[in-house]
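1. Here is a sequence with its predicted model. Questions after.
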There are 2 protein chains.
Amino acid sequence: MKIAVLGGDGFVGWPTSLHLSNLGHEVHIVDNLSRRWIDTELGVQSLTPMDSIQERCRIWRQETGREIRFHLLDLAKEYERVKQWLAEERPDVVIHFAEQRAAPYSMKTDRHKVYTVGNNVNATHNLLAALVETGIDAHLVHLGTMGVYGYSSVGAPIPEGYLDVEIATPAGPRGQQILYPTKPGSIYHMTKSLDQILFQFYAQNDGLRITDLHQGIVWGTHTDQTRRHPQLINRFDYDGDYGTVLNRFLIQAAIGYPLTVHGTGGQTRAFIHVQDSVRCIELALSDAPEAGERVKIFNQMTETHRVRDLAELVAKITGATVAYLPNPRKEADENDLLVKNDQFLALGLDPIRLQEGLLSEVVDVAKKFAHRIDRKRVPAVSAWTRDIARRVDHDPEGKRLKSVS
Amino acid sequence: MKIAVLGGDGFVGWPTSLHLSNLGHEVHIVDNLSRRWIDTELGVQSLTPMDSIQERCRIWRQETGREIRFHLLDLAKEYERVKQWLAEERPDVVIHFAEQRAAPYSMKTDRHKVYTVGNNVNATHNLLAALVETGIDAHLVHLGTMGVYGYSSVGAPIPEGYLDVEIATPAGPRGQQILYPTKPGSIYHMTKSLDQILFQFYAQNDGLRITDLHQGIVWGTHTDQTRRHPQLINRFDYDGDYGTVLNRFLIQAAIGYPLTVHGTGGQTRAFIHVQDSVRCIELALSDAPEAGERVKIFNQMTETHRVRDLAELVAKITGATVAYLPNPRKEADENDLLVKNDQFLALGLDPIRLQEGLLSEVVDVAKKFAHRIDRKRVPAVSAWTRDIARRVDHDPEGKRLKSVS
């Protein structure tokens, strides 16, 4: 199949592109390279040395004989060029990763809020409008997030996208199936809630075939394909904005920095290894909805953990200490999280368990590249509100923590 | 109070500005005048001769001694100027009408879809981000629409914003209150669903005090204040994009054009007179939510009618004929609509009933300005999908209808 991977230069986009190319698909990466620009803005860099996208594609071809083409295109800002590109290339599948994906970055300042909303909503909507206008019947696969639901304790598993409710009518209770209600906890997560409404409309009005993957927090770095050559390595973010919680613990352990738990660490989150993430996308392609069908929603995660349990697990393996810091986020201190992921399991997903994969990640990546770490970039400093910013001593120099370690 | 009316040059924004100025408030109109540009784009004009906003404000001052100030500002595109304006003026209340508000216009072409989403979402979000950033504790009142819910028959009244649902848990059913699920039927309506999610987030994260008015279809032209001088007259749209159904029937009757019912006319919609609309906004101001409270949602409508019943009513009064045309919209042929509006009634709203107000509107406006009508602009030509566009003979010249009349 001909597959366009929008945002194919990113943390999940890149290994997805390799995975699908390796399966024999014709892969086109479309990206505005904004993630690299944000690295520049923040003065951070991937822990792993990452080549240009053009160079990565060249190496992939050299190693495998397979071609991945790269197209520099801004989905949010260049509607006419997007439409023209689709009309020319006519992909069978469009995989949409092309959104600003860090909650802390989206909460940094008002400028970052405005950027995240403008970028994410306009990117998704431009894509939908262009698919309708060009009449391309591609299967659209979008990377959403479990975080659209917020993290309050419901006491029941979160179903895959839809909820059966009963509405009281004079003629008795009447059943209805609705989108599971969203209550996003950051501007970033909110944009994925907005995406859901866009998808619902375009599936209903125009018969677009859409799959929305509500992903948990991705951990790990390598996939089978990124391992094939040092220059194919995936990016690894450890900074307070883009680093995800488990990857941050691993790197903190590797450099003798305490594992930073914000709040009580009672936040329960869903996780998935990056290798499983690319496998899920392959599985989603095999199970495309029909035109006129509602949006197909998968929970793309394999296990849930409390943050403090993760910290303790990493501490046990590595001997690191754990530091409990004030929480810069506005969120519940403690929450349960039960999630259904029956659909991917039924399609054949055989999850990589965190307990098994963890140690090799520490050895392979964190220790190998520890010399590249800028300790000042480790703390999470984006506060959710001004009041919280005042309360939280974010310790930007990491001084207090250095003395603990 | 100091009140900013964003979109104060529009069909509801203008009479709202006059109404609040007349009550003694300090009113500031903020508008990018996009609605006037769209008139130019479409080659249509208000049936009523409408002066520039500057001239209207001058006349208002001349007639009443009260000042309404006008500020040319693009909410969606000029974030920094919006923030600066708010920081300088520090309004007590912000009323937000500044969105593209016609469903047919939003469905015209892909360019119109992209414009409507970009304009409406970025306008609302810029406003929210700027209120947080400037720390202004203004009451934000937003004009939403009943149309966010779609028009499928539920058999139970639509509550004011929230729905009690029960979620099955292992420990038994657990009650939860959720935003009443939306299923918008056009890009325009969809943007108002997106707004709901934005409001929910900013009320929850930042304690913004927000009221969202889910308005029905507005009919009528005059309010007590627009009647005070010919140059204060409100705009009256009769074209296929911006004209609302009842106003279109009135004008069609006045020029001997058949009343154009699309589909079976079995669509039931909610209505409100423009005088009641401005009164509701006054009432909403008297009942502002507290910081930390959830978004207050009102259904701003006073009665519901089937479209074909409305046509028959107007036909009976005026002797006009009724023409049934193919429906360019993708919607249910027939739907019930029950709506709760207890909150405004409790606050003292005494509705103008359609039966009473109708005839005077015909005499006052439609006949008086009938010579200004361009018959070619009467048909509704924006089709919801390409398939519908092919099926619908939209008769852009109105030839077929001329022969009927």
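-> Ah, there it is. Worth saying up front: this structure is predicted, and the values here are computed from it rather than measured.
2. Can you report phi and psi for residue A:256?
-> With angles defined as degrees, to the nearest 10, residue A:256 sits at phi 70, psi 30.
3. so how many other residues sit close to it?
-> Residue A:256 sits with 15 neighbouring residues when counted by other CB atoms under 10 Å in any protein chain shown. Placement of C-beta: from N, CA and C, glycine included.
4. Quick check, pLDDT for the nearest residue to residue A:287 once chain neighbours are set aside.
-> Nearest non-adjacent residue to residue A:287, counting by CB to CB, 6 or more residues apart in numbering or on different chains: residue A:347, 6.0 Å away. Confidence at residue A:347, expressed as pLDDT, is 95.
5. Check the one 4 residues further on too.
-> Predicted confidence (pLDDT) for residue A:351: 95.
6. got it, and the one 5 residues further on?
-> We have a pLDDT of 77 for residue A:356.
7. Could I get the contacting residues of whatever residue of the stretch 201-350 of chain A ends up closest to chain B?
-> Residue nearest to chain B within the stretch 201-350 of chain A (CB to the nearest CB): residue A:201, separated by 4.8 Å. Shown in contact with residue A:201 (CB atoms under 8 Å, 6 or more residues apart in numbering or on different chains): B:184, B:187, B:190.
8. got the residues you listed as a markdown table, with distance to residue A:139, neighbour count and pLDDT columns?
-> Shown next, in a markdown table, are those (distance: CB to CB, whole Å; neighbours: other CB atoms under 10 Å in any protein chain shown; pLDDT from 0 to 100):
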| residue | distance to residue A:139 | neighbour count | pLDDT |
| --- | --- | --- | --- |
| B:184 | 24 | 23 | 96 |
| B:187 | 22 | 28 | 98 |
| B:190 | 22 | 30 | 98 |
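9. Between those residues, which sits nearest chain A?
-> Nearest to chain A among the contacts of residue A:201 is residue B:190, at 4.8 Å by CB to the nearest CB.
10. separation between the closest one and residue B:165?
-> For residue B:190, the distance to residue B:165 equals 23 Å [CB to CB, to the nearest Å].
11. returning to what we had before: tell me the secondary structure for the residue of the stretch 201-350 of chain A closest to chain B?
-> When classified by DSSP: H, G, I helix; E, B strand; the rest coil, residue A:201 comes out as helix.
12. follow-up on the earlier one: measure how buried the residue nearest to residue A:287 is and give me the count.
-> By other CB under 10 Å, the residues close to residue A:347 number 15.
13. Tell me if I'm right that it and residue A:286 touch.
-> Yes: counting by CB atoms under 8 Å, residue A:286 is a contact partner of residue A:347 at 6.7 Å.
14. Spatially nearest residue to residue A:128, not counting backbone neighbours?
-> Counting by CB to CB, 6+ apart, residue A:128 lies nearest to residue A:202, which is 4.6 Å off, once chain neighbours are set aside.
15. meant to ask about residue A:1
-> Spatial nearest neighbour of residue A:1, excluding adjacent residues (CB to CB, 6+ apart): residue A:92 at 4.3 Å.
16. For the one you found, grab the count of nearby residues.
-> Residue A:92: 16 neighbours (other CB under 10 Å).
17. distance of it from residue A:20?
-> Relative to residue A:20, residue A:92 is positioned 11 Å away (CB to CB).
18. Find residues that contact each of these two.
-> Listed as contacting both residue A:92 and residue A:20 by CB under 8 Å, 6+ apart are residue A:3.
19. Residue numbers of the stretch 151-300 of chain A in contact with chain B?
-> Proximity of the stretch 151-300 of chain A to chain B is confined to A:154-156, A:163, A:165-171, A:174, A:176, A:178-179, A:181-187, A:190, A:193-194, A:197-198, A:200-201, A:204-206 under the rule CB under 8 Å from any CB of the partner chain.
20. Looking at these, which are in helices?
-> With helices defined by DSSP state H, the entries of those inside them are A:187, A:190, A:193, A:194, A:197, A:198, A:200, A:201, A:204, A:205, A:206.
21. Doesn't residue A:210 lie inside a strand?
-> Yes: using three-state DSSP, the secondary structure at residue A:210 is a strand.
22. What score does it have for pLDDT?
-> Residue A:210 is assigned 98 on the pLDDT scale.
23. Please look at it and residue A:142 and confirm they touch.
-> Yes: assessed by CB under 8 Å, residue A:210 is found in contact with residue A:142 at 6.8 Å.
24. hmm, which of the ones in helices among the residues of the stretch 151-300 of chain A next to chain B are the buried ones?
-> A:187, A:190, A:193, A:194, A:197, A:198, A:200, A:201, A:204, A:205, A:206 (16 or more other CB atoms under 10 Å in any protein chain shown).
25. and the residue lying closest to the fourth one once chain neighbours are set aside, what does it touch?
-> Closest residue in space to residue A:194, ignoring its immediate chain neighbours: residue B:194 at 5.0 Å, by CB to CB, 6+ apart. Contact criterion CB under 8 Å, 6+ apart gives A:121, A:194, A:197, A:198, B:117, B:120, B:121, B:124 as the residues in contact with residue B:194.
26. any chance of the residues you listed in a markdown table, with pLDDT and distance to residue A:319 too?
-> Output for the contacts of residue B:194, formatted as a markdown table (pLDDT from 0 to 100; distance: CB to CB, whole Å):
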| residue | pLDDT | distance to residue A:319 |
| --- | --- | --- |
| A:121 | 98 | 45 |
| A:194 | 98 | 44 |
| A:197 | 97 | 47 |
| A:198 | 98 | 47 |
| B:117 | 98 | 52 |
| B:120 | 98 | 54 |
| B:121 | 98 | 49 |
| B:124 | 98 | 50 |
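27. With distance to residue B:241 as extra columns, can I get those residues in a markdown table?
-> Converted to a markdown table, the contacts of residue B:194 look like this (distance: CB to CB, whole Å):
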| residue | distance to residue B:241 |
| --- | --- |
| A:121 | 24 |
| A:194 | 25 |
| A:197 | 23 |
| A:198 | 22 |
| B:117 | 17 |
| B:120 | 16 |
| B:121 | 20 |
| B:124 | 22 |
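28. which stretches of chain A form strands?
-> A:2-6, A:26-31, A:68-72, A:93-96, A:139-145, A:162-169, A:172-179, A:209-215, A:217-219, A:259-262, A:268-273, A:296-300, A:303-306, A:322-325 (DSSP state E).
29. I'd like the ones you listed as JSON lines, with mean neighbour count appended.
-> Formatted as JSON lines, these follow (neighbours: other CB atoms under 10 Å in any protein chain shown):
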{"stretch": "strand A:2-6", "mean neighbour count": "25"}
{"stretch": "strand A:26-31", "mean neighbour count": "25"}
{"stretch": "strand A:68-72", "mean neighbour count": "17"}
{"stretch": "strand A:93-96", "mean neighbour count": "25"}
{"stretch": "strand A:139-145", "mean neighbour count": "26"}
{"stretch": "strand A:162-169", "mean neighbour count": "15"}
{"stretch": "strand A:172-179", "mean neighbour count": "13"}
{"stretch": "strand A:209-215", "mean neighbour count": "24"}
{"stretch": "strand A:217-219", "mean neighbour count": "22"}
{"stretch": "strand A:259-262", "mean neighbour count": "22"}
{"stretch": "strand A:268-273", "mean neighbour count": "24"}
{"stretch": "strand A:296-300", "mean neighbour count": "25"}
{"stretch": "strand A:303-306", "mean neighbour count": "18"}
{"stretch": "strand A:322-325", "mean neighbour count": "17"}
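30. No more questions from me, cheers.
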